[in-house]
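In: Sequence and predicted structure are below.
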Amino acid sequence: MYIPKRYGQSRIDNCPFCGKIGVTKNSQGVSTCKDHKDKLVENLKCVCGEYLDLGVGKWGPYFRCINCGNINFRKAMEMNPNVKQQAPVKERKEIVVRSDELDFMY
């Protein structure tokens, strides 16, 4: 069955640091969220032990290894789980609203 692509769903870039949707690009050309736009992707290692060089091409960012060659951005991030930070958990606050309170949303 053929399912046509919808506008805006063919490619969604996520922030490599927190996993949110990337809306801006940092100085290296990697799409990041607004909170991490000044943070750089650095010191990533390949499976063989060499450091990876970041490159940006026609289809987005990728990494180069001296021994292994070009590596997909997603695969390189999976090889280095220490780059991705855990998002801070916000504490939820319970609000009780009575029917006589009109401005609880303001």
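Out: Alright, I've got the coordinates.

In: Let me see the contact set for the closest residue in space to residue 36 that isn't next to it in sequence.
Out: Leaving aside its chain neighbours, residue 36 sits nearest to residue 17 (4.6 Å; criterion: Cβ to Cβ, 6 or more residues apart in numbering). To be clear about C-beta, it is placed using only N, CA and C from the backbone, and glycine gets the same treatment. Residue 17 makes contacts with 32, 33, 36, 39, 83, 84, 85, as judged by Cβ atoms under 8 Å, 6 or more residues apart in numbering.

In: Surely the first one touches residue 24?
Out: Right, the one you point to is residue 32. Yes: taking contacts as Cβ atoms under 8 Å, residue 32 lies within contact range of residue 24: 6.1 Å.

In: The two - which one has more neighbours?
Out: Counted by other Cβ atoms under 10 Å, residue 32 and residue 24 do not tie: residue 32 has more neighbours, with 25 against 13.

In: which residues touch the more buried one?
Out: So residue 32 contacts 15, 16, 17, 22, 24, 25, 26, 39 (Cβ under 8 Å, 6+ apart).

In: The residue nearest to the last one when sequence neighbours are not counted and residue 98, how far apart?
Out: Of all residues not flanking residue 39 in the chain, residue 17 sits nearest, at 6.1 Å (Cβ to Cβ, 6+ apart). When distances are taken as Cβ to Cβ, to the nearest Å, residue 17 and residue 98 turn out to be 42 Å apart.
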